[in-house]
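Peer 1: Here is my input; please provide its structure:
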Amino acid sequence: MITLKSFNTPYPNPYDMGSWGACAGVPPAKERSFGRDIAADVASYSNRFTYCTRTDKAWVVCLHTAKIIDTATAAALLEALEGLEAAGPAGTKGGGERDLIPALGGNEDMGSLVNLGRTMQEPMGRLQMRDQVLDLFEHVFALIDTVSTVAEQNVDTIMPGHTHLSQANPITLALYLLSVEDSLFRGVAQLELAYSLINQNSGGCGSTSGTAWPVDRWELTRLLGFDGLVEPTYDCEASRDQALSLMFALTNILTSLSKTSTDIQIWGLEEVDMIRVAPGWSGLSSMMPQKCHPGITEDVRRTACDVIGSTMAAISICKGEPHQDIDTMRTLPNRVIQATANAKGCLRLFKGILENVHPQKETMLNHVRRGYSCMTEVVVHMVRELGYGGRRAHRICATLVRLARERGIPAPGLTGTMLDEAARAVEEQPPGLDTETLQRLLDPRHFIETHANTGGPAPVETRRMLRDRRERLTAARERQREKVARVEEGRKLLASEIARILQAGKE
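Peer 2: Numbering: from 1, shown residues only. Down below sits the predicted model:
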């Protein structure tokens, strides 16, 4: 029978942060809660009214330039569209004729002019995805910047390099992070390709065959800030594969983050203790008070799974449909918008984790010292200095490691006599290497220093690579500024043309 005491402490307890989002007595990091940000992101870029209205205004300008509608009609249409846009999307029907006709006092004939031969879904979806991708780039760049910073702080942090979950050769944390950084740069390259495919004008394509109205589709391209034009009018509605290109880029980026988050969680095991994550980024068990673990890395993997699943769904949609304008294909932009918002949340979360990781440098180094991952240096020495063939030297050293493991002897306890014993065990000539030389070859610091070839972990080479990647990031950001400027140029051109027509309508 349980007998409970009475306590005077308040409820809720000020040291219980709720939802076990951090270690006891520590406030959870604000950056951990990114769900609301994702919802707001989706709402912003899936706003049909905003993007439909922008397309309508550009099309009215094109109809006026082509002398399909007169100045008074164009001015009336643009004034109504400007008024709708100023009022905001609340209470609208998603833009287009359904909102425009009431704004024109029920003039259906005038309101329906915006739909003459232009098509609406395709260019509108491209504008939505384009704006969101431009913002996505900034999140990727911010993460790359953080990866570089953490790598620069850990150029001398020696740790085990792993293959097949076993020690391979010593590396540094900086070299590991450089690999992550380069995967992100490959993601940037894929994103830039996806952006170039998205930022193409498909407006003015009609249904399948374009339009008989003499509208300049290149003018619409300039007004909407597109980089180019999808010329075959049938291709505009039938393909829509630009959405897949973006999904593939997101999948590759998040796959890399997912793999890295798994490593971080493994390194954070108490039995491993190679890294510790700040208490505000760790999670307390609801049942076991001793637990405070970096389980937030699981959030990265879960979000990555959501995005990858969206990619597979998009592929399935495209694979099962004919090469036509089909409703299921029309849903692709909305799927992409959700996936991109999830990806941005994942990038922010991973950035926060990385900024709050504390490498346990001595523990990392000790893991390397006690292991046998420098044994390849002994092989190299035997080949270079003693004339052994590579396979023969490998056989002798592999036998030495087997004997050491069987006897429970870590690498610092190995001797030249044991190396000779291993050689005799496989009927090879003993190399006669002295223990001092053997231990020098097994020293992980010596290993790192000697691996200064291109791309190696030696600090001098690592710093060169980091400088190079800082320059790459600067160049990528400059390309981003050019993209933004191109879009802004289109916005200014459209605003100028609207102002000109409205002024002419008053004269």
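Peer 1: which residues are in contact with stretch 465-477?
Peer 2: Residues outside stretch 465-477 that contact it (C-beta atoms under 8 Å, 6 or more residues apart in numbering): 137, 141, 144-145, 148, 151-152, 155, 174, 178, 181-182, 185, 188, 455. C-beta coordinates here come from the backbone N, C-alpha and C atoms, glycine included.
Peer 1: For ChimeraX, what selects the buried ones among those residues?
Peer 2: Selection of buried members from the contacts of stretch 465-477 for ChimeraX, criterion 16 or more other C-beta atoms under 10 Å:
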select :137,141,144,145,148,151,155,174,178,181,182,188
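Peer 1: out of the contacts of stretch 465-477, what pair is the most spread apart?
Peer 2: 137 and 155 (27.5 Å; C-beta to C-beta).
Peer 1: Skip the chain neighbours and tell me the closest residue to residue 445.
Peer 2: Once flanking residues are discounted, residue 445 sits nearest to residue 158: 6.8 Å by C-beta to C-beta, 6 or more residues apart in numbering.
Peer 1: In contact with that neighbour: list those residues for me.
Peer 2: Going by C-beta under 8 Å, 6+ apart, residue 158 touches 170-172, 361, 364-365, 368, 444-445, 448.
Peer 1: Mind checking which of those land in strands?
Peer 2: Of the contacts of residue 158, the ones assigned to strands by DSSP state E are 170-172.
Peer 1: Can you lay out those as JSON lines showing distance to residue 202?
Peer 2: Formatted as JSON lines, the ones in strands among the contacts of residue 158 follow (distance: C-beta to C-beta, whole Å):
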{"residue": "170", "distance to residue 202": "53"}
{"residue": "171", "distance to residue 202": "48"}
{"residue": "172", "distance to residue 202": "48"}
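Peer 1: got a winner among these for most neighbours?
Peer 2: Within the ones in strands among the contacts of residue 158, neighbour counts (other C-beta atoms under 10 Å) peak at residue 170, which reaches 28 neighbours.
Peer 1: In space, what's closest to that one - neighbours in sequence excluded?
Peer 2: The shortest distance from residue 170 to any non-neighbouring residue, by C-beta to C-beta, 6+ apart, is to residue 444 (4.4 Å).
Peer 1: how close does that neighbour sit to residue 372?
Peer 2: Applying C-beta to C-beta, to the nearest Å, the value for residue 444 to residue 372 is 11 Å.
Peer 1: Could you check which of those two has the larger neighbour count?
Peer 2: Using other C-beta under 10 Å, the more surrounded residue of residue 444 and residue 372 is residue 444, with 25 against 20.
Peer 1: Give me the pLDDT value at the more buried one.
Peer 2: With respect to pLDDT, residue 444 scores 97.
Peer 1: just residue 279 next, same as before
Peer 2: Per the predicted model, pLDDT is 79 at residue 279.
Peer 1: didn't it look like it was pressed against residue 22?
Peer 2: Yes. Using C-beta atoms under 8 Å, residue 279 is in contact with residue 22, at 5.9 Å.
Peer 1: Which one of these two is surrounded by more residues?
Peer 2: A side-by-side neighbour count of residue 279 and residue 22, using other C-beta under 10 Å, places residue 22 first with 22 against 18.
Peer 1: ok, the closest residue to the more buried one other than its chain neighbours - how many residues close by?
Peer 2: In space, and not counting its chain neighbours, residue 22 is closest to residue 28: 4.1 Å by C-beta to C-beta, 6+ apart. The number of residues packed near residue 28 is 21, by other C-beta under 10 Å.
Peer 1: Helix, strand, or coil at residue 28?
Peer 2: Using DSSP: H, G, I helix; E, B strand; the rest coil as the criterion, the local structure at residue 28 reads coil.
Peer 1: What separation do you get for it and residue 257?
Peer 2: Distance from residue 28 to residue 257, counting by C-beta to C-beta: 21 Å.
Peer 1: just residue 211 next, same as before
Peer 2: Per C-beta to C-beta, residue 211 is found 45 Å from residue 257.
Peer 1: same question, residue 374
Peer 2: Taken as C-beta to C-beta, the span from residue 374 to residue 257 is 30 Å.
Peer 1: More neighbours: these two, which one.
Peer 2: Legend: neighbour count by other C-beta under 10 Å for residue 374 and residue 257, higher for residue 257 (27 against 23).
Peer 1: ok, that one - contacts?
Peer 2: Residue 257 touches 300, 304, 346-347, 350, counting by C-beta under 8 Å, 6+ apart.
Peer 1: If we use 6 Å, what do you get?
Peer 2: By C-beta atoms under 6 Å, 6 or more residues apart in numbering, the contact list for residue 257 reads 300, 350.
Peer 1: element containing it?
Peer 2: Element membership of residue 257 [criterion: DSSP states H and E] is helix 242-267.
Peer 1: Show me what secondary structure element comes after that helix.
Peer 2: Sequence order places strand 275-277 as the next helix or strand after helix 242-267, per DSSP H and E.
Peer 1: Which elements pack onto that next one?
Peer 2: strand 357-359 (3 or more C-beta pairs under 6 Å, 6 or more residues apart in numbering; DSSP states H and E).
Peer 1: And the helices in the stretch 351-500 of the chain?
Peer 2: Along the stretch 351-500 of the chain, counting by DSSP state H, counting those that start in this stretch, helices occupy 361-370, 375-386, 390-407, 416-425, 435-441, 444-450, 459-506.
Peer 1: Kindly reformat those as JSON lines containing distance to residue 231.
Peer 2: Formatted as JSON lines, the helices of the stretch 351-500 of the chain follow (distance: least, C-beta to C-beta, whole Å):
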{"stretch": "helix 361-370", "distance to residue 231": "57"}
{"stretch": "helix 375-386", "distance to residue 231": "57"}
{"stretch": "helix 390-407", "distance to residue 231": "58"}
{"stretch": "helix 416-425", "distance to residue 231": "70"}
{"stretch": "helix 435-441", "distance to residue 231": "64"}
{"stretch": "helix 444-450", "distance to residue 231": "55"}
{"stretch": "helix 459-506", "distance to residue 231": "19"}
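Peer 1: Out of these, which is closest to residue 234?
Peer 2: For residue 234, the closest of those is helix 459-506, at 25.3 Å, according to C-beta to C-beta.
Peer 1: So what's the gap between the closest one and the chain middle?
Peer 2: The chain centre lies 20 Å from the centre of helix 459-506; the measure is C-alpha atoms, centre = their mean, to the nearest Å.
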